[in-house]
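test case, fold it:
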Amino acid sequence: MDVDLAARAGWTPIDLARAYLDGGATLIQLRAKQLGSAALLDLADAAVRLAHPYHANVIVNDRADIALISAAEGVHVGQDDLPPEAARRLLGEGAIVGLSTHTVAQVEGALREPISYVAVGPVFGTRTKDTGYTAVGLDLVGTAAQLAGAAPVVAIGGITSDRVAEVMAVGASGVAVISALFGASDPTLAARAIRSALDASGR
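Alright, predicted model coming up:
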């Protein structure tokens, strides 16, 4: 749930998060690169309250301190952000700590860290975030799944309901979706389509 993209689509962050949850999302990842700390904390607090009756989790991009204060379930970090080990030290053993990866070497490095899941992408081309990496394709998702063993692998980047089956077939444990949801005229129905595709995959 990207704050800037939500605003561009005419949604408040919380209304968009509610639409996703109504559609069956099980985890909301807050991304707010330009938001100040106080405003981000307010948003995280509101998101955690919103997600609770859905039995859904909330994680915060980059900001382990905001995740801790808001009682979010964890944090997602990138290659140049707070190291996963430091995030784990701050948030504790029960927290969710995810790490973005874009190459085999990064996947291998991630699996040596105290992470809860490894995110792999962008699997397909995406316009919602400039990662500095070209699309990695399904091969890296499959390789990551083989290397990860029991650790969950989350595919991200250009994922649509039509592509869920092929992503899950190569070993992904779940998907992170942005543009296919916020860009839809009805994000609840879009989330429901993703949820149905995931359920149909049998994983």
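
every contact and neighbour count from this point should use C-alpha atoms.
Will do.

quick one: name whatever helix or strand follows the lowest-mean-pLDDT helix or strand in the chain.
Ranking every helix and strand in the chain by mean pLDDT, DSSP states H and E puts helix 179-182 at the bottom, with a mean of 88. Following helix 179-182 in sequence order, the next helix or strand is helix 187-201 (DSSP states H and E).

quick one: contacts for residue 145?
Contacts for residue 145 (C-alpha atoms under 8 Å, 6 or more residues apart in numbering) come out as 152-153, 170-172.

out of those, who's nearest residue 3?
Checking the contacts of residue 145 against residue 3 by C-alpha to C-alpha gives residue 153 as the nearest, at 24.7 Å.

save the contacts of residue 145 as CSV, and put in secondary structure and pLDDT too.
Listed next are those as CSV, based on DSSP: H, G, I helix; E, B strand; the rest coil; pLDDT from 0 to 100:
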residue, secondary structure, pLDDT
152, coil, 97
153, strand, 98
170, coil, 96
171, coil, 96
172, coil, 97
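
hmm, which two among those are most spread apart?
The most widely separated members of the contacts of residue 145 are 152 and 170, with 12.7 Å between them, by C-alpha to C-alpha.

number of nearby residues for residue 1?
Residue 1: 23 surrounding residues under other C-alpha atoms under 10 Å.

quick one, grab the pLDDT at it.
Looking at residue 1, its pLDDT is 94.

okay but it is in contact with residue 25, surely?
No: with contact defined as C-alpha atoms under 8 Å, residue 1 does not reach residue 25; the gap is 11.2 Å.

quick one: contacts of stretch 187-195?
16, 19-25, 160-161, 164, 180-181, 184.

just the buried ones from the residues you listed?
Buried subset of the contacts of stretch 187-195 (neighbour count, 16 or more other C-alpha atoms under 10 Å): 16, 19-25, 160-161, 164, 180-181.

mind listing what's buried in the helix or strand hosting residue 76?
Assigned by DSSP H and E, residue 76 belongs to strand 74-77. In terms of neighbour count (16+ other C-alpha under 10 Å), strand 74-77 has its buried residues at 74-77.

neighbouring strands - and their directions - for it?
Next to strand 74-77 in the sheet, as set by DSSP bridges, lie strand 57-61 (parallel), strand 96-101 (parallel).

closest to residue 31 out of those strands?
Closest to residue 31 of the strands paired with strand 74-77 is strand 57-61 (C-alpha to C-alpha; 5.2 Å).

which strand or helix spans the most far-flung residue of the chain relative to its centre?
Largest separation from the mean C-alpha position in the chain: residue 38, at 22.2 Å (C-alpha atoms, centre = their mean). Per DSSP H and E, residue 38 falls inside helix 37-51.
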